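**Q** The following comprises the amino acid sequence and a computationally predicted model.
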Amino acid sequence: MDERIVIVDSGTGLTLTEEQLDERSAVAIVQLRRRGVRVGDTVLICLPVGPDLLVAADAVIAVGGVAWPVPADLDACVLQERIQASGARVLISDLPQALEAAEESRVRIVMSVADLHSYPNSRELSTQSDRIVPSASGG
């Protein structure tokens, strides 16, 4: 079976297949749930366009949250305005200007790209909502 590529990072040339997206999204879903992201929560995502942005948005939507992506090249003042407008209390970003904006806003949880990729050990998967059941999507 051919692996279908879902995104190619134009900056690095890295690709992400459907299977990799599913795997990375499953890990990110666990991390979002562990941080208390629930149905209806707005999560601001400030990442460059690429695989990490796709994984973050996919995971937020999968937990029932509202993914609110903002351009990665905005300065801290504009980002702070976007945070306030969104009502987001969770931000996914590694960018210095986004972290600065978060400090001056209502954001209570800041997740890095590394956080999205960190899979907890099996003892930490304590609730059924943390356990990911693979979908039966044909690919």
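**A** Nice, I can see it. Numbering: from 1, shown residues only.
**Q** Would you map the helices across this protein?
**A** With DSSP state H as the criterion, the chain has helices at 18-34, 51-62, 76-86, 96-103, 113-117.
**Q** what's next to the third one, contact-wise?
**A** Put plainly, it is helix 76-86. Applying Cβ atoms under 8 Å, 6 or more residues apart in numbering, the external contacts of helix 76-86 come out as 42, 44, 46, 68, 70, 74, 91, 97-98, 100-102, 104-107. All C-beta spots, glycine's among them, are computed from the backbone N, C-alpha and C.
**Q** deepest of the helices of the chain, which one?
**A** helix 51-62 (a mean of 21; mean count of other Cβ atoms under 10 Å).
**Q** What helices and strands are in contact with it?
**A** strand 5-8, strand 15-17, helix 18-34, strand 42-45, strand 66-69, helix 113-117 (3 or more Cβ pairs under 8 Å, 6 or more residues apart in numbering; DSSP states H and E).
**Q** mind checking which helix or strand of this protein has the lowest mean pLDDT?
**A** helix 113-117 (a mean of 89; mean pLDDT, DSSP states H and E).
**Q** tell me what that one is packed against?
**A** Helix 113-117 packs on helix 18-34, helix 51-62, strand 90-92, going by 3+ Cβ pairs under 8 Å, 6+ apart.
**Q** let's go with 7 Å and repeat that
**A** In terms of contacts (3 or more Cβ pairs under 7 Å, 6 or more residues apart in numbering; DSSP states H and E), helix 113-117 is packed against helix 18-34, helix 51-62.
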